[in-house]
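Trainee: show me the folded form of this:
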Amino acid sequence: MRLFVALGLPTTVSAQLAGLIGGIPGARWVPPENHHLTLRFIGEVEPWRAEEVDEALAGIRARPFDLTLHGLGLFEKAGRINALWVGVERCDALHRLQAKIETALQRVGLEPERRRFAPHITLARTERAAPDKLIGFVQAHNLFRSPVMRVEEFCLYSSKLGKEQAVYVPEVAYPLASPGSAPVAWDDRDPAPVPG
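Mentor: Model prediction:
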């Protein structure tokens, strides 16, 4: 199984991000259903290791918190711009949660994450896009700001290769709440309330 830990996004925020899509020839846009904020990439693991990861994540205790997406930026690798992303306003609670996840996963034997945590949501893969178009796009949308999101859970996702791109499946949701709350299988959650 190929796994990662992430925050899903409310549909309202995903819809807002979807409104940014387009206008850069050569960019491969991430579909809105795949938008997420990665807290820890795990990679390929055996089923027994996945169970250990689940148990480790289920033991994490943290309080819900508010998060706001803000601004756009670019990642560069070997002199080429390879990703367009939406940033996150500074949030100490997010960094504390990520640190708890990192510690929990190291305790079950995963190698430490070498990269510094830089919270973001990837909007597009941009290896084939013209740098001037990307820079212009970032400048045009750099005042982007999402509504405040209430983060009440984090999820363990699996990544399955599809024909066009990977399909991300939320496997288990871990509530952020007081001690004693248990993880919830994604399919067992209460249905979202229908707006009246």
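Trainee: what is the least confident helix or strand in this structure?
Mentor: When the helices and strands of the chain are scored by mean pLDDT, DSSP states H and E, strand 184-185 comes last with a mean of 53.
Trainee: spatially central residue in the chain, please.
Mentor: residue 37 (1.8 Å; C-alpha atoms, centre = their mean).
Trainee: wouldn't that residue be in contact with residue 117 here?
Mentor: No. Here residue 37 lies out of contact with residue 117, judged by C-beta atoms under 8 Å, at a distance of 10.6 Å. All C-beta atoms are positioned from the backbone trio N, CA, C, and that covers glycine.
Trainee: just for this structure, where's the confidence low?
Mentor: For the chain, residues meeting the criterion pLDDT under 70 lie at 178-196.
Trainee: quick one, strands of it?
Mentor: 2-8, 28-29, 36-44, 65-67, 69-77, 80-88, 120-125, 149-151, 153-161, 166-175, 184-185 (DSSP state E).
Trainee: now render those strands as JSON lines, adding distance to residue 52.
Mentor: What follows is those, written out as JSON lines (distance: least, C-beta to C-beta, whole Å):
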{"stretch": "strand 2-8", "distance to residue 52": "11"}
{"stretch": "strand 28-29", "distance to residue 52": "34"}
{"stretch": "strand 36-44", "distance to residue 52": "11"}
{"stretch": "strand 65-67", "distance to residue 52": "27"}
{"stretch": "strand 69-77", "distance to residue 52": "31"}
{"stretch": "strand 80-88", "distance to residue 52": "29"}
{"stretch": "strand 120-125", "distance to residue 52": "28"}
{"stretch": "strand 149-151", "distance to residue 52": "25"}
{"stretch": "strand 153-161", "distance to residue 52": "12"}
{"stretch": "strand 166-175", "distance to residue 52": "13"}
{"stretch": "strand 184-185", "distance to residue 52": "17"}
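Trainee: of all the ones you listed, which one is nearest residue 107?
Mentor: Closest to residue 107 of the strands of the chain, according to C-beta to C-beta: strand 36-44, at 13.0 Å.
Trainee: so what strands line up beside that closest one?
Mentor: strand 2-8 (antiparallel) (DSSP bridges).
Trainee: so residue 29 bridges to which residues?
Mentor: Residue 29 has the following beta-bridge partners by DSSP bridges: residue 124.
Trainee: pretty sure it sits against residue 126.
Mentor: No. If you go by C-beta under 8 Å, residue 29 and residue 126 don't touch, sitting 9.7 Å apart.
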